[in-house]
Structures are given as structure tokens and as C-alpha cells.
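Peer 1: Have a look at this prediction, sequence included:
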Amino acid sequence: MKKLHFLLLVVFITLLATSCENEPLIIDKNEEALQSEIKRTAMDSYPSNQMIIQYSETITEAEKENLRNQYDVVSYKRCECADPTLELWIFSANNNGRSGGGVTIEEKVVGAKEESDLEGVDFNLNINRIGRGLHTSFGTPDVNAAMSKIVASNQNVTIAVLDTGVDYNYFGFTNPFLYNNQNTCGDKMVDYYGWDFVNNDNDPFDDYGHGTIVTSLIFNKLNSQNINFQILPVKVFDQNGKGNLFDLLCGFKYAVKNTDVNIINMSFGWYGAKYELLNKFIAESEQDVLIMASAGNKGVNTDTNAHYPSVFSAENILSIAALGEKRRGNTSAIGLAGFSNFGNVTVDIAAKGENIPFYVDADNYVPVNGTSFSTAFASALGGTTYIPNISIEQHKALVINSTIQNGGLYQIKYASYIPN
């Protein structure tokens, strides 16, 4: 009976942990069908009573308060631990999505963009699902339990993982691997090893599972090669795998603010609107970090069906596709997984993305699929190729030059893949 229960658990987890963006495989669909699919599932909705703003560096607290009053802000959320110029403004709104004076959120955004004291304004995108998670944990949230997993000192390469956090109780984390921060943040709360922007506290515990899988893949690769590394978990998605642009922006700025972060893993994305603030912040980081971004799981050409943030044009981004599992054994028949997005301009390289084993205990695993996990392998390669004080341009080139070219990958820019 115990064995039967375990098998049922494995089946349940397998059904859940199957993709980067909770999408079905899309194979052999015509362009009209693909466009319809994207339109139905594009994650570009935003609340009618929220707006993200970025203040100018010179604005005073009194001037901030005047602006909030001018725009009838009823409450606001600061970007603790990351960027004091960022705030989420929240308004009262009726059933028609109009706030004080009958103004829509779209009208508020247009008006705010004319304010000289604001450097940027954006809608607060709802990112409806980062991907399917395990919906199980390996222990309970406890900052003290994580202390034994913090490295004694940060050495060599640091990888920030913007995701659902990390379950530091996972049995596979056999060695200390968490970033050693020890800074005071927020309301005099100590930032020991990462931050939770969903709940605004110092315990980025993964209560969904996606971030733990991504982190474990990076950990396993670097640990097996005796690389000195540490991982900075940044929780920007909740227990349902859902998030929003404001928390994502704060998480990104937080990662970049930690100046010894060399790589940022971004295993998520959406279709539709561009959202300028993230584009701006990534462009500003071009000389600071190398970003690994998942290409997406709809089997579409992102040259024409934009998937963000992987299609942003900043020079420090690598967009990662999923290599087809059934074709890896025959080098003459290598190709992308059927669900993987592609693009000769917007997708760079591929990595393993199908039937990746994630061990639920020492002897049993479930297979996971998706460009989320391909991206983790790219971040791990970035960790193995990192050289202290290397430029981002040089680091990116080392990653690309460490891949293997194959004609079967003609659908992506470098027609190459990361070897296992």
C-alpha cells in the first residue's frame, strides 16, 4: 500500500511539473491557430487600480507625498531592499475600473508620464503563472534552518534566481550554497541570504516548487564540477506560481544591487505588451550581469510573437530554447523540443529541456520539462565559464563558444546547444 501511495504521488507530481509557462505542447499548428492560442493565454492583464512609478533621484519625501495626493493614491507599496525610487500606487476603483474623478488607470498612466518628478511609469502586469510546480515541500519555512546552507564567504560566481524562492530543506542541497548577505533591510530585518518580495520578508521560502527545481539543477551542475559558487534566491512569485511586474522589478533591482551577482536566472515570461520599466532596468544592467532568460513553451517563433523578457534587445541577455530529448542521442537528428519557442533573431542557444529528472528522494525522481529548466542549465554553464573581473561581453562569448553547433538547430540564432 505504501508503494502504491508513492506511485500515485509521482504520477500527480509528474502531471504538475511539466512546463515553464503552464502551456500544452503546440505542434503542427498553423499561424492563425498559434495567434489565437497566444491571444487567449497572453499574460498582459493588469489591475485597474494599480500603477508602478519610478521617482527621480532628487525628489523629496514631501514632494512624493504631494504627488500621491494629486493622484488620489489610497495606499502604496515601497520597493524594500532594492530601490527607494520605485513604488506601487494603489487607487480606489469602482466596478468600471475608474477611480477618483472617473479616471481610468490608462488615463492615469498617460498623465503620470508627463510628470517631471517621475522617471518612469508602467501598469502592474499580472504574470498569471510562472510554470507548474511540485505543490509539495521538503520541510517547513524556517530562517534558522537555512543558516546551515549559507556559504561561509561569497567566492567566485554568484547566481541570482528570480523565481518562487527555494526550499532549502531539499535533501539534494548537500553543501552550503546560499549567498552570504547579512545586511539590514526593510524594517530593521536582516537580509541573510535572499529576499521575499511577495511577502516582504527575509525568508524566500519556496511554497510552490518551481524555484527549487531550477536552483537544484544549477546546484547539481556546479557542485559536480567543484565550482565555488553561491545562489541568491529572490522570491517574486507566490504559492500559486503567480506574480506581478512590481515585485519582479523590485527583485531584479535587488539582484543587481548586490554587486557581486554575476548571473541572473529568469525562468519565466509573458506574451503581449513590452512593459518599459523592465526593459529599461535590463538595459541599465548591460555592464553588470549576464541574464539567462527562458524562450517560452508555445512552440512559436518569437521573432514575430514576442515573448518577454527573453526578446528584449539588451546585449547581456541570452534566450534559451529547449532541446528535444528524443533527438539528443543521434547528433545527426538533433532538434528543438516540440513545445520550445524559437527564432533566428530572438532565441540564442538550446539546452536540455525534456524528461529532466528531479529527485523527490534519494532513489526516485519525476521528469520535468520546459525552457525554465533549459535556462537553469545555461546559468550553470555561465557559472562554469565565469572568470573573476571578466566583462559581460566576454562572459557571454565564453558561454556561446562552449556550446556545440548542429544544423538541426537552424531555427535559433547560434544553431547550437549546451552539452550534458
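Peer 2: Done, it's in.

Peer 1: Helices along the protein, start to end?
Peer 2: For the chain, helices defined by DSSP state H occupy the ranges 2-16, 31-41, 61-70, 105-112, 143-146, 210-224, 245-257, 276-284, 371-385, 392-401.

Peer 1: deepest of the ones you listed, which one?
Peer 2: For those, the largest average neighbour count (mean count of other CB atoms under 10 Å) is found in helix 371-385, namely a mean of 28. C-beta here means a position set from N, CA and C on the backbone, and glycine is covered the same way.

Peer 1: Centre of the chain to that one, how far?
Peer 2: Mean-position distance between helix 371-385 and its chain equals 13 Å (CA atoms, centre = their mean, to the nearest Å).

Peer 1: Can you give me the pLDDT of the residue nearest to the spatial centre of the chain?
Peer 2: What sits nearest the mean C-alpha location of the chain, by CA atoms, centre = their mean, is Met266, with 2.9 Å. Model confidence at Met266, given as pLDDT, is 98.

Peer 1: and it, how far is that from Asn156?
Peer 2: 21 Å (CB to CB, to the nearest Å).

Peer 1: same deal with Gln394?
Peer 2: Distance from Gln394 to Asn156, by CB to CB: 16 Å.

Peer 1: Which among the helices of the chain is found nearest to Phe339?
Peer 2: helix 371-385 (8.2 Å; CB to CB).

Peer 1: Does anything pack onto the closest one? Which helices or strands?
Peer 2: strand 157-163, helix 210-224, strand 263-266, strand 290-294, strand 317-323, strand 349-352, helix 392-401 (3 or more CB pairs under 8 Å, 6 or more residues apart in numbering; DSSP states H and E).

Peer 1: Format these as a markdown table; extra columns: distance to Ala337.
Peer 2: Converted to a markdown table, those look like this (distance: least, CB to CB, whole Å):
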| stretch | distance to Ala337 |
| --- | --- |
| strand 157-163 | 21 |
| helix 210-224 | 16 |
| strand 263-266 | 19 |
| strand 290-294 | 12 |
| strand 317-323 | 4 |
| strand 349-352 | 9 |
| helix 392-401 | 20 |
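
Peer 1: Relative to Glu61, which of those is closest?
Peer 2: strand 157-163 (29.3 Å).

Peer 1: For that closest one, give me every contacting residue.
Peer 2: For strand 157-163, contacts defined as CB atoms under 8 Å, 6 or more residues apart in numbering pick out 130, 179, 206, 210-211, 214-215, 218, 222, 227-237, 248, 251-252, 255, 258, 260-268, 289, 379, 382-383, 386.

Peer 1: if we go to 6 Å?
Peer 2: Here strand 157-163 makes contact (CB atoms under 6 Å, 6 or more residues apart in numbering) with 210-211, 214-215, 229-234, 236, 251, 255, 260-266, 379, 383, 386.

Peer 1: what's the domain layout of the chain?
Peer 2: Domain ranges of the chain: 50-124, 143-417, per automatic domain parsing.

Peer 1: Quickly compare those and say which is most buried.
Peer 2: Comparing those by mean neighbour count (mean count of other CB under 10 Å), domain 143-417 ranks first with a mean of 21.

Peer 1: Ends of that one, what's the gap?
Peer 2: 38 Å (CA to CA, to the nearest Å).

Peer 1: what does stretch 293-313 give?
Peer 2: Stretch 293-313 has an end-to-end distance of 12 Å (CA to CA).

Peer 1: And stretch 336-348, by the same measure?
Peer 2: 12 Å.

Peer 1: chain center to that stretch: distance?
Peer 2: 18 Å.

Peer 1: for stretch 189-206, same thing?
Peer 2: From the chain centre to the centre of stretch 189-206 is a distance of 16 Å (CA atoms, centre = their mean).

Peer 1: between the helices and strands packed on helix 371-385, which gets nearest to Thr136?
Peer 2: Among those, helix 210-224 comes nearest to Thr136, with 9.8 Å by CB to CB.

Peer 1: and the closest one, what does it pack onto?
Peer 2: When contacts are defined as 3 or more CB pairs under 6 Å, 6 or more residues apart in numbering; DSSP states H and E, helix 210-224 packs onto strand 157-163, helix 371-385.
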